[in-house]
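[1] What follows is a predicted structure for the sequence shown.
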Amino acid sequence: MASFPGLALFGPVCVMLDISASSLVVAAEVGLVAGILIGCIGVGGVIIVPCLILLPDVDVSRAVPACMFSYIFAGLVGLVTFGYKKQIDWRDAAAFCASAAPSALLGAWLFAQISPFAIKITMYTVIFITSLFSLIRILWSRRNQNNKTEDSSVENKRDSSAWCLSNCGIWLQILVRLSIGLFAGCASALTGTSGPVVLLPILIILRWDIKLALGSAQAIQFPIAVASTIGNAFFGKKDIDFKLGGSIAATLAPFVILGALIANRLPAKPLKTAVSLILILASLSLLIWEIEKLRQADN
């Protein structure tokens, strides 16, 4: 085990931990798939932690900090990509990030206090809810695919972010955005999911413009990842496994770009439907599995 003395400020942060080469390869493969999903449908980091904790030498307290570290690089790629396309409302992003970063520190502290079982149950529940909502949204959009008036009305408003806030006072609008950022930051750091997994369903419920919602979700990912990594370094029960996180990031970040290119060539709705169904079934199965293991342990 080796560490950099220059990182002493962040506590006992290790850069090399014992982990098999096969596990690192699997982590890179999972990062590849997650990156493509993020590029295609905006959400993909949700699959990483559940896959990693199935490995024999990776538990949840090791997987979550490594994933949050890898999201730093994916967040940078998303921030630059969506910023270049001018799909980020910087007013929204500033408000979300201002509250998400400190709340991610809180999430990292909570992660160190809560049992692995509770973290897993929380994570699988978040996956189930977000995936179920995504599926409902897809089915609803198909039902109303001939109705284009909502999109045009949203785009013509001065505040193009959320029509439901357009008639609210400026301070209430700011408060809502800060509250959303607070929840997204804490939940993401606690469960090891990327910011878009938590933020996108909330913005869609509030009927944000979908392009701006995707841009804000990518923008918030970077500060959440940085803050939670710092928090995990200070508060974590275990050292951050930078080898594991680096293996994920090595494929996660570049394949976000590839996923965006693939999305331009494939029908989006069937892909989103398939992914949502898979995640719903997987999260339910994992929830039942964890509860059954707890029941057997009690017996």
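    Here it is on my side, so go on.
[2] any idea how far Ala274 lies from Cys186?
    Separation of Ala274 from Cys186 (C-beta to C-beta, to the nearest Å): 30 Å. Placement of C-beta: from N, CA and C, glycine included.
[3] neighbours around Ala98, how many?
    As a burial measure, Ala98 scores 15 neighbours (other C-beta atoms under 10 Å).
[4] That one: what's it in contact with?
    By C-beta atoms under 8 Å, 6 or more residues apart in numbering, the residues touching Ala98 are Leu178, Gly181.
[5] same question, the one 3 residues further on
    With contacts taken as C-beta under 8 Å, 6+ apart, Ala101 has the following neighbours: Gly185, Pro223, Ile224, Val226, Ala227.
[6] got the contact list for the third one?
    Yep, that's Ile224 we're talking about. Applying C-beta under 8 Å, 6+ apart, we find Ile224 in contact with Met68, Tyr71, Gly75, Ala100, Ala101, Ala104, Ala184, Gly185, Ser188, Ala189, Ser194, Gly195.
[7] Pull up the per-residue confidence for the closest residue to Val197 other than its chain neighbours.
    Nearest-residue entry for Val197: Val46, 4.6 Å, with adjacent residues in sequence omitted and distances by C-beta to C-beta, 6 or more residues apart in numbering. In this model, Val46 is scored at 76, pLDDT.
[8] ok, now Ser179?
    At Ser179, pLDDT is 90.
[9] Tell me the buried residues in whichever strand or helix holds it?
    Using DSSP states H and E, Ser179 sits within helix 170-191. Neighbour counts over helix 170-191 (16 or more other C-beta atoms under 10 Å) mark 173-174, 176-177, 180-191 as buried.
[10] Poorly predicted segments of the stretch 1-150 of the chain, please.
    Applying pLDDT under 70 to the stretch 1-150 of the chain picks out residues 1-17, 42, 142-150.
[11] And the helices in it?
    Counting by DSSP state H, counting those that start in this stretch, the stretch 1-150 of the chain has these helices, from start to end: 21-41, 48-52, 60-84, 90-113, 116-143, 149-156.
[12] try the stretch 151-299 of the chain
    Taking DSSP H, counting those that start in this stretch as the test, the helices found in the stretch 151-299 of the chain are 170-191, 195-205, 210-235, 242-263, 268-298.
[13] What mean pLDDT does the shortest one get?
    Read that as helix 195-205. Rounded mean pLDDT across helix 195-205 is 76.
[14] between that helix and helix 116-143, how big is the angle?
    40 degrees (axes from the mean of the first three to the mean of the last three C-alpha atoms, to 10 degrees).
[15] Remind me what helix 195-205 packs against, helices and strands.
    Counting contacts by 3 or more C-beta pairs under 8 Å, 6 or more residues apart in numbering; DSSP states H and E, helix 195-205 is packed against helix 116-143, helix 170-191, helix 210-235.
[16] if you set the cut-off to 10 Å instead, what comes out?
    helix 21-41, helix 60-84, helix 90-113, helix 116-143, helix 170-191, helix 210-235 (3 or more C-beta pairs under 10 Å, 6 or more residues apart in numbering; DSSP states H and E).
[17] sorry, back to before: and the contacts of Ile224 as TSV, adding distance to Val26?
    Shown next, in TSV, are the contacts of Ile224 (distance: C-beta to C-beta, whole Å):
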residue	distance to Val26
Met68	19
Tyr71	18
Gly75	23
Ala100	30
Ala101	31
Ala104	27
Ala184	28
Gly185	28
Ser188	23
Ala189	24
Ser194	19
Gly195	24
